[in-house]
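*Asks:* please find the sequence and the predicted model below.
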Amino acid sequence: MISLTVNGERRRLEAPLTAAQLIASLELTGKRVALERNGEIVPRGQLDQQPLSDGDRIEIVIAVGGG
Amino acid sequence: MDQLVVAGKAYSSRLLVGTGKYKDFAQTRAAVEASGAQIVTVAIRRTNIGQNPNEPSLLDAIPPSRFTILPNTAGCYSAQDAVRTLRLARELLDGHALVKLEVLGDPHTLFPNVVETLYAAQTLVKEGFQVMVYTSDDPIIAKQLEEIGCVAVMPLASLIGSGMGILNPWNLQIIIDNAMVPVLVDAGVGTASDAAIAMELGCDGVLMNTAIAAAKDPVLMASAMRKAVEAGREAYVAGRMARKLYSASPSSPTAGVITPAQNKAA
């Protein structure tokens, strides 16, 4: 198991885990999202090759209404 | 044809609209359609993480295939946060470079922090972003943002969400007169006449959100704003008559009236 902080919330997940697998576990596969790992963007095309490590801080964002 | 050109791309609409504060995405879409806007702003926020998997998506209602999406940095109080937000936005929107930078200074007034805005603009321009920048109505800062390489300068008319209209038309006039990039009024428009006045001053466009979304009938107000921006632009291009307190120049002929004016001197 590894422990991640996802959008400010602590989550424990089975390792090994890629960024794409994290997105799948959150039921966000196929949605238009962007993911940042420890402050660095993980490009969409590399999500399935990006391993996540214990202690990683992940941000997953979408577009919402704004001015 | 009279078009707004931003970063080399031409737009027939000079009205840019936000997507915040609407009842639902159907109303958002209807208001955006009625406004005729082609550039539409969005905010970047954390997604829910499994709490609500079937949440509808704004970009389904306002598809990037149909509209130019302008991601903003609303809620950012430092250059660092703004840059980070727009890097995420670029990834989210498949490498899209046109962005709206705003760095706020104070949660009470939402007044821009121009120092942080300048820092963020420098970084973003270096990274290849096309930056439309929200700023105060300070002509010196507006010029500096242009010199950094921002593709449009967007001074406030009055505070974000205030609906107070154009409080300092003379500063806007100076900014417009000095600018080599498009100047858009962003923030403070309350009703159609405010938008028309901004355009009559010579602004290249107007960006608004609350004036439409907080109207009793947002879709009707969106239509009013579309007409106001078009009317103001046409009036600006047409060139208004000179102001004169006494003209002694009636619109109708002075000769041939059936009861000639009395000679008051007699």
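*Replies:* Sure thing, it's come through. Numbers count the residues shown, from 1 in each chain, chains lettered A, B, ... in the order given.
*Asks:* quick one: the strands in chain B, in order.
*Replies:* Residue ranges of the strands in chain B, as given by DSSP state E, are B:4-6, B:9-11, B:15-17, B:39-46, B:68-71, B:98-101, B:130-135, B:152-155, B:184-186, B:205-208.
*Asks:* now the ones you listed in a markdown table, with distance to chain A, mean pLDDT and mean neighbour count?
*Replies:* C-beta coordinates here come from the backbone N, C-alpha and C atoms, glycine included. Shown next, in a markdown table, are the strands of chain B (distance: least, Cβ to the nearest Cβ, whole Å; pLDDT from 0 to 100; neighbours: other Cβ atoms under 10 Å in any protein chain shown):
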| stretch | distance to chain A | mean pLDDT | mean neighbour count |
| --- | --- | --- | --- |
| strand B:4-6 | 17 | 97 | 18 |
| strand B:9-11 | 18 | 97 | 14 |
| strand B:15-17 | 8 | 98 | 29 |
| strand B:39-46 | 3 | 96 | 23 |
| strand B:68-71 | 7 | 97 | 22 |
| strand B:98-101 | 9 | 98 | 26 |
| strand B:130-135 | 10 | 98 | 26 |
| strand B:152-155 | 12 | 98 | 28 |
| strand B:184-186 | 9 | 97 | 29 |
| strand B:205-208 | 8 | 97 | 28 |
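*Asks:* enumerate the residues of the stretch 51-200 of chain B near chain A.
*Replies:* Proximity of the stretch 51-200 of chain B to chain A, by Cβ under 8 Å from any Cβ of the partner chain, involves residues B:53, B:57-59, B:69, B:71-72, B:74, B:84, B:87-89, B:91-93, B:160.
*Asks:* sorry, back to before: among the strands of chain B, which comes closest to A:M1?
*Replies:* Judged by Cβ to Cβ, the one of the strands of chain B that comes nearest to A:M1 is strand B:39-46, at 23.3 Å.
*Asks:* that closest one packs against which elements?
*Replies:* With contacts taken as 3 or more Cβ pairs under 8 Å, 6 or more residues apart in numbering or on different chains; DSSP states H and E, strand B:39-46 sits against strand A:57-65, strand B:15-17, strand B:68-71, helix B:79-92.
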